[in-house]
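Student: Generate coordinates for the sequence data below:
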Amino acid sequence: METKTIIIKELAAINNINDCNYPIALRKLAQKYYQKENKEFPVNLFCKIIEDVNLSLYIRFNAYYTVLIFYRRHEKKKAFCQFANQYMDLFDEKGFDESSPINPYCCIISSLYHLYISEKNNSHIITALREAKRALEHLKNNSGVYQTYADIFAIALEYGRKFTEDENQFALDLIDKAILLKPEYAKYYSTKGRIKFYLGFYEESFQFIEKAIELEDKTKSDSIFRVSQYYYYLLDLKAKLIDLKAEKNTYKINQTLESYQKDMEITLDGYKNNIENIKSKYLEFLAFFAAILAFIISSIQVAQKAVDFKEAAALIMVLVGGLNIAFSLFRLLMGHNNNRKAYITTGIVLFISIAMILSMFLLN
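Tutor: Numbers count the residues shown, from 1 in each chain. The predicted structure is shown next:
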């Protein structure tokens, strides 16, 4: 009997699509025909079955889904998308009545298809989640469907998508249901660990992924793919945690530096103001001593040239008033202590000085 006929009989025997073990049976069939020595799978043979219009649509769908399960199991994402694209229209849910048990599996295929495309354009991740949720509505108590949604949710978190607390809890509840149904299945713990990490539960996250590595059956031929994947998640998440801590420390350091910089700027401004005040005071003192010196020299000259004492005294008083006016105006121009009190004091000095000058003129 030729291989195609044998495969058709085996596909026909897997007819309980509503059973939660349905995809497991297809996975076992895929593994049976996987040639480990040369790492080949008879895809062309399954394509012939899919394209055989004389066969029932259910058998053809089983062949289609078997190949996709194989590609997903072996992380052949590009091949998965190409194969799904090739036959997706043939098995679109419109090809079945509303109650067809194949419909939710079409949703799963669609969700995985958009998930893999999202690696190039992560906007597809929301479509993938929506399709996975549609499958949930049809397939109850199915650990594989729970895992599919939770896995896509974990990747959405990795892409930086934000969800509500209820949505986060919904994904955790689903993966917990999957673990409850199959507590020995390692991948579920890995998925839970990834979700936990992006929700901020770092230590729990690592514990769940380590448990996945511990539970994985090393005797299975394809276990090396999953174990290496779990180790990748573990190392990647630990590296991300280090980056997060580094970012926090960097942020704190930057905040401290900014605070120091502001304090330094305030201190420097204070020093600048003090220096300006000191300069103003020195200039005032210099002007004051220059005025005294000018007054002394001028007084001597006036005394020598004056006719009598009264005239000398009057000229000296005028000179004093003039010097006071000049000094007061100098203080105002320098801007030192230009407050209300300083203005009042300067005004009084100016008034007295002007009064002195006028009185001397009137007396003479």
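Student: Surely F206 is in contact with G193?
Tutor: Yes. Using C-beta atoms under 8 Å, F206 is in contact with G193, at 6.9 Å. No exception for glycine: its C-beta is placed from N, CA and C like everyone else's.
Student: what's the least confident helix or strand in this structure, going by average pLDDT?
Tutor: helix 309-334 (a mean of 63; mean pLDDT, DSSP states H and E).
Student: which of F206 and G193 has more neighbours?
Tutor: G193 (25 against 18; other C-beta atoms under 10 Å).
Student: my read: that one touches Y202, true?
Tutor: No. Counting by C-beta under 8 Å, G193 does not reach Y202; the two are 10.0 Å apart.
Student: Mind listing the shared neighbours of these two?
Tutor: Any residue near both G193 and Y202 by C-beta atoms under 8 Å, 6 or more residues apart in numbering counts here, and that gives L237.
Student: Give me the common contacts of F206 and G193.
Tutor: With C-beta under 8 Å, 6+ apart, F206 and G193 have common neighbours L237.
Student: For this protein, just list every one of the helices.
Tutor: Here the chain has its helices, by DSSP state H, at 3-13, 22-32, 43-50, 57-73, 77-87, 102-117, 124-138, 143-158, 165-181, 186-198, 202-215, 223-305, 309-334, 340-363.
Student: quick one: low-confidence ranges for the stretch 101-250 of the chain?
Tutor: 221-222, 247-250 (pLDDT under 70).
Student: What residues does D151 make contact with?
Tutor: T191.
Student: Please report how far it lies from E10.
Tutor: Per C-beta to C-beta, to the nearest Å, D151 is found 28 Å from E10.
Student: again, but for D52
Tutor: According to C-beta to C-beta, D52 stands 15 Å off from E10.
Student: Which of the two has more residues huddled nearby?
Tutor: E10 (18 against 14).
Student: Now the more buried one: closest residue in space that isn't a chain neighbour?
Tutor: Spatial nearest neighbour of E10, chain neighbours left out: L29 (5.8 Å); criterion: C-beta to C-beta, 6 or more residues apart in numbering.
Student: can you check R161 too?
Tutor: That would be I125: by C-beta to C-beta, 6+ apart, it lies 6.6 Å from R161.
Student: pretty sure that neighbour contacts A156?
Tutor: Yes. Counting by C-beta under 8 Å, I125 does reach A156; the two are 4.7 Å apart.
Student: residues contacting the closest residue to I24 other than its chain neighbours?
Tutor: Spatial nearest neighbour of I24, chain neighbours left out: G144 (7.9 Å); criterion: C-beta to C-beta, 6+ apart. Residues near G144 by C-beta under 8 Å, 6+ apart: C20, P23, I24, A178.
Student: residue closest to the middle of this protein?
Tutor: G160 (7.2 Å; C-alpha atoms, centre = their mean).
Student: can you tell me how far that residue sits from Q207?
Tutor: G160 sits 24 Å away from Q207, going by C-beta to C-beta.
Student: thinking again about what came up before, burial of the residue nearest to E10, as a residue count?
Tutor: 21.
Student: residues contacting it?
Tutor: Applying C-beta under 8 Å, 6+ apart, the residues near L29 are I7, E10, L11, I14, T66.
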